[in-house]
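Novice: A predicted structure for the sequence below; I have some questions about it.
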Amino acid sequence: MLQRCNCLILAMLLQFSAYASDTQNLITSVLDSFHQAASDADQKQYFDLLTDNAVFIGTDASERWDKKAFKAFAKPYFDKGQGWTYVPYNRHITLADSGDLAWFDEMLDSQSYGECRGTGVLVLTKNGWKISQYHLTIPVPNALAKDLVQQIKQLSKK
């Protein structure tokens, strides 16, 4: 009896592991498609990968856009065929126990901004995984942080 229980537990763990792996692959595909659509200036594909209530948080403290506002911001660029290219690497995805929520962090290479970091949340919708929040940051080395904070303070005073 104990051996049968152990086999059942092992089978369940393997099944969950396969599910988690498939889910990670689906989420990876969504994030890769998101970056590719931005690079291709494919507005429809880019915004179709976001939930209706998605939020994009940019590198500037003033940049917190809901989907509608972000579309308005991006439209002139995409209309001219100008996207932005971020090449992801070193991505980590965590899946909630419920199986319908995931969060991630990834490092990004950008020709314009150098090394960046993207973090965010995805939700499983009836139409598949969608990005609910994306936050783009520029990591600041600790050795530069104090000087940069002072520069930001000076800029804020102007």
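Specialist: All right, it came through fine. Everything quoted here is computed from the prediction, not taken from an experiment.
Novice: List the pairing partners of the strand with the most length in the chain within its sheet, with orientation.
Specialist: Counting residues, the longest strand found in the chain (DSSP state E) is strand 114-125. With DSSP bridges as the test, strand 114-125 is paired with strand 101-110 (antiparallel), strand 128-137 (antiparallel).
Novice: buried residues in it?
Specialist: 116, 118, 120-124 (16 or more other CB atoms under 10 Å). Yep, even glycine has a C-beta here, placed from its N, CA and C like the rest.
Novice: And the average pLDDT for stretch 86-101 is what?
Specialist: What stretch 86-101 shows for mean pLDDT is 95.
Novice: Please save the CA atoms from it in PDB.
Specialist: This file holds the C-alpha atoms of stretch 86-101, laid out as PDB (Å, rounded to 0.1, in the frame of the first residue of the first chain):
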ATOM      1  CA  TYR A  86      15.100  45.200 -25.700                       C
ATOM      2  CA  VAL A  87      16.800  41.800 -25.800                       C
ATOM      3  CA  PRO A  88      15.900  39.700 -22.700                       C
ATOM      4  CA  TYR A  89      18.200  37.400 -20.900                       C
ATOM      5  CA  ASN A  90      18.500  36.000 -17.400                       C
ATOM      6  CA  ARG A  91      14.700  35.700 -17.000                       C
ATOM      7  CA  HIS A  92      13.100  34.300 -13.800                       C
ATOM      8  CA  ILE A  93       9.400  33.300 -13.700                       C
ATOM      9  CA  THR A  94       7.500  32.400 -10.600                       C
ATOM     10  CA  LEU A  95       4.100  30.700 -10.900                       C
ATOM     11  CA  ALA A  96       1.500  31.200  -8.100                       C
ATOM     12  CA  ASP A  97       0.100  28.100  -6.500                       C
ATOM     13  CA  SER A  98      -3.200  28.900  -8.000                       C
ATOM     14  CA  GLY A  99      -1.700  28.500 -11.500                       C
ATOM     15  CA  ASP A 100      -3.400  31.600 -12.900                       C
ATOM     16  CA  LEU A 101      -0.900  34.300 -11.800                       C
END
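Novice: what number of residues lie near F56?
Specialist: 21 (other CB atoms under 10 Å).
Novice: what angle sits between the stretch of helix or strand it belongs to and strand 114-125?
Specialist: Assigned by DSSP states H and E, F56 belongs to strand 50-57. With axes from the mean of the first three to the mean of the last three CA atoms, to 10 degrees as the basis, strand 50-57 and strand 114-125 are set at 150 degrees to each other.
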